[in-house]
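1. sharing a model prediction with you, sequence too.
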Amino acid sequence: MKWNTNKKTNRSAQLTGLMTTIALPVLFSIACTFTFMVVTPGYASAATYYIDATGGDDRNDGLSEDSAWKTAGWIGRPNDLKPGDTVLFKKGEVWHTKTVYIMSSGTETDPIIIDSYGDASTPPLLDGIYQSTISWENVSDNIYRTTAPAWPADPGLLIYNEKARPSIQTIKIASPVDFINPGDILMQRSPAYCTFEVTSVDTSNNYISGVTFQRGGNYWAANAQLEVIQLDQDGNEISPRPPIYISSDGGLFSEISGLTRPGDWYWNETEQALYLYSETVPDENSVMVAEDRMFGTDKRNGLIISQSNYVTIKNIDFNGFSVAAIYSNFCNGLRIENCNVKNTGYN
């Protein structure tokens, strides 16, 4: 990775063994039922396919290590794979290509298996981090702005000093209050239910900045009532506060005064730039940014399993995806084993 003025982070999770009806948003969607199965490959026409990021070629047949594919494009169409088929990613290799799709089903006795091969000590890695040069300029005190490349969409995920950091959003309230503090939770119940964790308050402008995962549609409507939830150090709610109201302007916006802590950042749509609070000049050792879907290639997820049953994924690592490492949709019998996930999941 080349930068002018970015490091690996520590937000990781290891999943080993069978998963049962559990919600892990950084890993996969929950529109899926997990069931126990005995893995006994033996389907008559089962094939093994090899994928090698460095030595492979997508013009090959993929049926041996010497004729490996370079990417997983050949397995991403409906029913490309059959029950009992195995797809092997080479250890020690990294794929920065678009999201891998699995749209085929195995059976309870002959699942489709996604695994690794080779002698390298590190697992294969599907990586969603932007790889090219990023340039920064100092705009005020500890605030930096990207000058290249242009960011046509919100990347959704930025890693600062080995920690995934949330994008900071700002709300303007209708009238000043003196009881809102960092750490408070604002809750809107209508017209849409959503929450907002306060990180800073600008009383001179009636701005409240913080983190929310609800950022579109009817969220944060003009004049909407917000409940204020304040907790003590033990997590108990303090005496209820009076409600506050969003200003008639409504909606979320980005405001430089909301960046108050190292790693706070936001995307400026008009300028197609990222703004970051940093105590040092951002570089490849301090900042990484998810590529998401900014440059014509969808990298929001590492692997998508869609309407597919009895698929096993094991011994593969994932890093830097803004939505999920493994996103499943209407599946049964999905098994995930010994997969490490880092820096993944909407902020």
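-> Structure received. Given the structure is predicted, the values throughout are model-derived calculations rather than measurements.
2. quick one: low-confidence ranges for the protein?
-> 1-44, 216-218, 295-296, 346-347 (pLDDT under 70).
3. looking at it, which strand is longest?
-> strand 324-337 (DSSP state E).
4. for that strand, name the packing helices and strands.
-> If contacts are counted by 3 or more Cβ pairs under 8 Å, 6 or more residues apart in numbering; DSSP states H and E, strand 324-337 sits against strand 31-33, strand 301-306, strand 309-314, strand 339-342. C-beta coordinates here come from the backbone N, C-alpha and C atoms, glycine included.
5. where's that strand relative to the chain centroid, distance-wise?
-> 16 Å (Cα atoms, centre = their mean, to the nearest Å).
6. Pro78: which of the helices and strands packed on strand 324-337 is closest?
-> strand 301-306 (8.8 Å; Cβ to Cβ).
7. tilt between that closest one and strand 324-337?
-> Strand 301-306 and strand 324-337 are oriented at 60 degrees to each other (axes from the mean of the first three to the mean of the last three Cα atoms, to 10 degrees).
8. partners of strand 301-306 in the sheet?
-> Strand 301-306 has these partner strands in its sheet, going by DSSP bridges: strand 100-102 (parallel), strand 324-337 (parallel).
9. any chance of TSV for those strands, columns mean neighbour count?
-> Shown next, in TSV, are the strands paired with strand 301-306 (neighbours: other Cβ atoms under 10 Å):
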stretch	mean neighbour count
strand 100-102	23
strand 324-337	22
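10. now these as CSV including distance to Pro240?
-> Formatted as CSV, these follow (distance: least, Cβ to Cβ, whole Å):
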stretch, distance to Pro240
strand 100-102, 48
strand 324-337, 36
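11. which among those is found nearest to Asp115?
-> Among the strands paired with strand 301-306, if distance is taken as Cβ to Cβ, the winner is strand 324-337, at 9.1 Å.
12. CA atoms of the closest one as CSV?
-> Output in CSV follows, covering the C-alpha atoms of strand 324-337 (Å, rounded to 0.1, in the frame of the first residue of the first chain):
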residue,chain,number,x,y,z
ALA,A,324,-19.7,-7.9,6.5
ALA,A,325,-17.0,-10.5,6.1
ILE,A,326,-19.6,-13.2,5.2
TYR,A,327,-23.1,-12.0,4.3
SER,A,328,-25.7,-14.7,4.0
ASN,A,329,-29.2,-14.4,2.6
PHE,A,330,-31.9,-17.1,2.9
CYS,A,331,-29.6,-20.0,3.6
ASN,A,332,-29.7,-23.2,5.6
GLY,A,333,-26.9,-25.4,6.9
LEU,A,334,-24.2,-22.7,6.7
ARG,A,335,-21.1,-23.7,8.6
ILE,A,336,-18.2,-21.3,9.4
GLU,A,337,-15.0,-22.7,10.9
